[in-house]
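Enquirer: Give me the fold of what follows.
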Amino acid sequence: QVQVVESGGGTVQTGDSLRLSCVVSGRTLTSSSMGWFRQAPGKDNEFVAGLVWDDDRPYYADSAKGRFTISKDNTKTTMYLQMNSLKPEDTAVYYCAERQGLPRSTLYEYDNWGQGTQVTVSS
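Expert: Residues are numbered from 1 along each chain as shown. Here you go, the predicted structure:
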């Protein structure tokens, strides 16, 4: 059984940084696409950043470009999201998601995702 566990969220002030982690267990990630999504209260889930595990080319939503960096540790089946220069509009629950095959644009098109980790940015 595949499990996805996110961690690293918290409450920070505008301009601060956070590093989210995502640990996947129960499968090797070869041929997997991974993504970070977020959902703010009253809004739909939103793509933030993603990568194909066997490819070194990450991709980002416009809102994340220049501030967020997605990375992975092949030895640990762990993915990270380094978030710098955080803004109040980044406040959301952040989800890590995994699927076999090509990336998709919405969380529910992924096979597995975790419970999420709350990020709150105060002004």
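
Enquirer: And for the residue nearest the centre of the chain, nearest residue in space, chain neighbours not counted?
Expert: Nearest residue to the geometric centre of the chain (CA atoms, centre = their mean): Trp36, 2.3 Å. Using CB to CB, 6 or more residues apart in numbering and skipping residues adjacent in sequence, the residue nearest Trp36 is Val48, 4.3 Å away. The way it works is simple: take the backbone N, C-alpha and C, and place the C-beta from them, glycine included.

Enquirer: what's the burial count for that neighbour?
Expert: 22 (other CB atoms under 10 Å).

Enquirer: Okay, and it sits in which element?
Expert: strand 46-52 (DSSP states H and E).

Enquirer: outside of that strand, which residues touch it?
Expert: 32-40, 57-61, 63-64, 68, 70, 72, 79, 81, 92, 94, 102-103, 105-106 (CB atoms under 8 Å, 6 or more residues apart in numbering).

Enquirer: My guess is Tyr110 contacts Gly101. True?
Expert: No - taking contacts as CB atoms under 8 Å, Tyr110 lies outside contact range of Gly101: 10.0 Å.

Enquirer: For these two, indicate the residue with more neighbours.
Expert: Between Tyr110 and Gly101, counting by other CB under 10 Å, Tyr110 is the more crowded of the two (22 against 11).

Enquirer: Before I go, just wanted to say thanks for your time.
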